[in-house]
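A.B. asks: sequence and predicted structure below; questions after.
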Amino acid sequence: MIKTIEGGPSVLYIDKHFIHEVTSPQAFKGLEKRGMEVFRPRQIVATADHNVPTIDQHLPIKDELSRLQVQQLIANCAKHGVELFGLGHPYQGIVHVIGPELGITQPGMTIVCGDSHTSTHGAFGAIAFGIGTSEVEMVMATQCLLQSKPKLMRINVEGQLGKGVVSKDIILYIIAKISASGATGYFVEYAGSAIRSLSMEARMTICNMSIEMGARGGMIAPDQITFEYIKGREFAPRGAEWDKKVAAWSELYSDPGAKFDLEINIDAADIEPMITYGTNPGMGIGISGHIPAGTEITEKEKPGFFKSLAYMGLQEGAPIKGKKVDYVFIGSCTNSRIEDLRMVASFIKGRKKSKDIEVWIVPGSKQVEKQAIEEGLDKIFEEAGFHLRQPGCSACLGMNEDKIPAGKYCISTSNRNFEGRQGPNARTLLASPLTAAVAAITGEVADVREYL
Amino acid sequence: MSTRSINTVHSTAVPLNIENVDTDQIIPARFLKATSREGFGENLFRDWRYNTDGSPKNDFVLNNPTWKGRILVAAKNFGCGSSREHAAWAIKDAGFDVVISSFFADIFKNNALNNFLLPVTVSEDFLKDAFTAIEKDPAAEITVDLPQQTITLEPTGRKEKFEINNYKKTCLLNGYDDIDYLLSIRNEIESFERQF
């Protein structure tokens, strides 16, 4: 932090700035309009992810507007000296997947990106949050942002997770508990034995969805698991510099007795595989549960609740298990890392997908894709009838061709079930990669615990 | 874009009484492919406003000529979801200068402020009165006085103070933005960098 303006926000220095094709063009344009150059181009990393096709990436992008946006990113990066991991580059991928896997994301950094899921990087103990395009322009111009101090929340998840329950279920459970707006104005620290036992991939899934309860960011104190993950990666510090960094990173934790504006305690044993039934990520239930009845909803929330059920074509009070599913999407910055793909592969090995279901697996990056192929996961997917596609944001937001048709149900490992998110009138059920995998096999919403 | 400063806004208002309106509703992702900031207004609330064949849905409030004005009255947790600033651009481009709610999502609020679209946070009770007033009488006017930080429902005279930090208020009143400020302290930024 550089300084605080009297009666106003603070000036925060930004260590690392990720950009992509959708929220950066207007920022470059704004900068040029002011006759300026990028202030610290070496602190920016660019990739193309939101718009890119996930098949035939070697061919020119068919959609004209998407192609123009990606071309503009290439031109802007070249002109301003920004490193670009674009289509065809071995490091290309979803911005929140490549930052960590290349070792660019490190503990203690301030990290921003014109994308609300930037909170993902908080899994490394970084201060990471999403910004709008005007703020992207600010960081390009000055490497700084004006920020007001957020309130602090700590969510402690203690104990051991049950069979078939994974990190996606933890975060869906938390959001269902505190609602889609329950953490607005807060920065959240996730703590407790259940969180500490998670891998980095699993921690990223949790921090990724912080924004879905309104939090600006989420973070987890770095530890040995964090350092092991970063060590040896392409842009990670090496040699003496590594030792120095690890010593500094080891100091990054909340003091014992630190005061939080709100503290929430969760028993890991209470969490079962989760799924959403509505049109915001707070509308989630345990897989064995029922959609709430109208009588359980407050008067004020009723219009939204019934609008949501009408959109989803679901009945109040009905069980969710057994609901027929048309599509399965395994991907997005929430769940497209190698561990997610391994989880799905190990479950489906020797099984076949249900006849009428379409299954898309979209790896988070070229690196993930490469590793999946090296490990033979592609063969397992193929034998089960799943399609392993190429990296990008894909059907999480349907900016490319990967859209779910109107009225169809999709179990998705992504982060948002908003109306039209996966395509106009598409119906999204958010769940973990395991719950998505079991749906792919059975063709309906099923409890993975019965198949383990 | 329209005005680059805000002072007092006195206008009729458009009611959108739905909670948790996310930025995917405000502007769906498929309209984010433009590389300029202009023209997003025509796709504001695209899928709520138009049928798939492009014909307007008459029951949606923006298609109802009864309600118009420069103020959008929205319900709790407005602007949640994606950080896309296109949402703020679309609302501003459609002719709104103020959005009123009891609760805004953080990123949307910043995006709005950076585009001279004033987010006014009011109490739940005031918001309820505001909806009642404009739903009863579409000609009901609301006054938002930024210098005084007050909002008034003209039919009843009900007035409430709203919060905004002094720095941002000065920016809005004078039509300058954060980049103007940050550029003015570039020496301090450079000396900060040298310490590390």
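C.D. replies: On my side now, so go ahead. Please read all numbers here as calculations on a predicted model, not as lab measurements. Numbers count the residues shown, from 1 in each chain, chains lettered A, B, ... in the order given.

A.B. asks: CA atoms for contacts and neighbours, from now on please.
C.D. replies: Noted.

A.B. asks: residue A:430 contacts residue A:279, doesn't it?
C.D. replies: No: Residue A:430 lies out of contact with residue A:279 (CA atoms under 8 Å); the separation is 9.9 Å.

A.B. asks: common neighbours of the two, please.
C.D. replies: residue A:417 (CA atoms under 8 Å, 6 or more residues apart in numbering or on different chains).

A.B. asks: the more surrounded of these two?
C.D. replies: residue A:430 (30 against 27; other CA atoms under 10 Å in any protein chain shown).

A.B. asks: in the chain, spot the strand with the most residues.
C.D. replies: In the absence of a named chain, this looks at chain A. Assignment by DSSP state E gives strand A:151-158 as the longest strand of chain A.

A.B. asks: switch to chain B, that's the one I care about
C.D. replies: Max-length strand for chain B by DSSP E is strand B:8-16.

A.B. asks: can it be found next to chain A?
C.D. replies: No: figure legend: strand B:8-16 not in contact with chain A (CA under 8 Å from any CA of the partner chain); closest approach 11.9 Å.

A.B. asks: now the helix or strand following that strand: buried residues?
C.D. replies: Tracing the chain C-terminally past strand B:8-16 and defining elements by DSSP states H and E, one meets helix B:23-26 next. Buried residues in helix B:23-26, counted by 16 or more other CA atoms under 10 Å in any protein chain shown: B:23-26.

A.B. asks: out of these, who's near chain A?
C.D. replies: B:24-25.

A.B. asks: tabulate the buried residues of helix B:23-26 (a markdown table), appending distance to residue A:323 and pLDDT.
C.D. replies: Shown next, in a markdown table, are the buried residues of helix B:23-26 (distance: CA to CA, whole Å; pLDDT from 0 to 100):
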| residue | distance to residue A:323 | pLDDT |
| --- | --- | --- |
| B:23 | 28 | 97 |
| B:24 | 26 | 96 |
| B:25 | 26 | 96 |
| B:26 | 30 | 97 |
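
A.B. asks: centroid-nearest residue for chain B?
C.D. replies: The C-alpha lying nearest the average C-alpha coordinate of chain B belongs to residue B:99 (CA atoms, centre = their mean; 3.7 Å).

A.B. asks: in a strand, that's where that residue is, yeah?
C.D. replies: Yes: according to DSSP: H, G, I helix; E, B strand; the rest coil, residue B:99 belongs to a strand.

A.B. asks: that one contacts residue B:119, correct?
C.D. replies: Yes: with contact defined as CA under 8 Å, residue B:99 reaches residue B:119; the gap is 4.9 Å.

A.B. asks: state the phi and psi torsions of the residue nearest the centre of chain A.
C.D. replies: Taking CA atoms, centre = their mean, the centroid of chain A lies closest to residue A:334, which sits 3.1 Å from it. For residue A:334, the backbone dihedrals are phi -80, psi -50 (criterion: degrees, to the nearest 10).

A.B. asks: now do the contacts for it.
C.D. replies: A:204-205, A:208-209, A:413-415.

A.B. asks: can you lay out the residues you listed as a markdown table showing pLDDT, neighbour count and distance to chain B?
C.D. replies: Output for the contacts of residue A:334, formatted as a markdown table (pLDDT from 0 to 100; neighbours: other CA atoms under 10 Å in any protein chain shown; distance: CA to the nearest CA, whole Å):
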| residue | pLDDT | neighbour count | distance to chain B |
| --- | --- | --- | --- |
| A:204 | 98 | 29 | 18 |
| A:205 | 98 | 30 | 16 |
| A:208 | 98 | 29 | 12 |
| A:209 | 98 | 28 | 10 |
| A:413 | 98 | 30 | 16 |
| A:414 | 98 | 28 | 13 |
| A:415 | 98 | 29 | 10 |
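
A.B. asks: the residues you listed in helices, which ones?
C.D. replies: Using DSSP state H, the members of those that fall within helices are A:204-205, A:208.

A.B. asks: what comes up buried for stretch A:147-159?
C.D. replies: When burial is assessed from 16+ other CA under 10 Å, stretch A:147-159 yields the following buried residues: A:150-159.

A.B. asks: what is the neighbour count of residue B:53?
C.D. replies: Per other CA under 10 Å, the neighbour tally for residue B:53 reads 6.

A.B. asks: which residues does it contact?
C.D. replies: By CA under 8 Å, 6+ apart, the contact list for residue B:53 is empty.

A.B. asks: can you confirm it is in a helix?
C.D. replies: No: the assignment for residue B:53 by three-state DSSP gives coil, which leaves it out of any helix.

A.B. asks: C-alpha coordinates for stretch B:135-150, PDB please?
C.D. replies: Presented in PDB, the C-alpha positions along stretch B:135-150 are these (Å, rounded to 0.1, in the frame of the first residue of the first chain):
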ATOM      1  CA  GLU B 135     -45.500   1.500  -8.900                       C
ATOM      2  CA  LYS B 136     -48.500   3.500  -7.700                       C
ATOM      3  CA  ASP B 137     -47.700   6.600  -9.700                       C
ATOM      4  CA  PRO B 138     -45.200   6.400 -12.600                       C
ATOM      5  CA  ALA B 139     -45.000  10.200 -12.600                       C
ATOM      6  CA  ALA B 140     -43.600  10.100  -9.100                       C
ATOM      7  CA  GLU B 141     -40.200  11.800  -9.000                       C
ATOM      8  CA  ILE B 142     -37.100  11.100  -7.000                       C
ATOM      9  CA  THR B 143     -34.400  13.600  -6.300                       C
ATOM     10  CA  VAL B 144     -30.800  12.500  -5.700                       C
ATOM     11  CA  ASP B 145     -28.700  15.400  -4.400                       C
ATOM     12  CA  LEU B 146     -25.100  14.400  -4.500                       C
ATOM     13  CA  PRO B 147     -23.600  17.500  -2.800                       C
ATOM     14  CA  GLN B 148     -25.900  17.000   0.200                       C
ATOM     15  CA  GLN B 149     -25.800  13.200  -0.100                       C
ATOM     16  CA  THR B 150     -29.600  12.900   0.200                       C
END
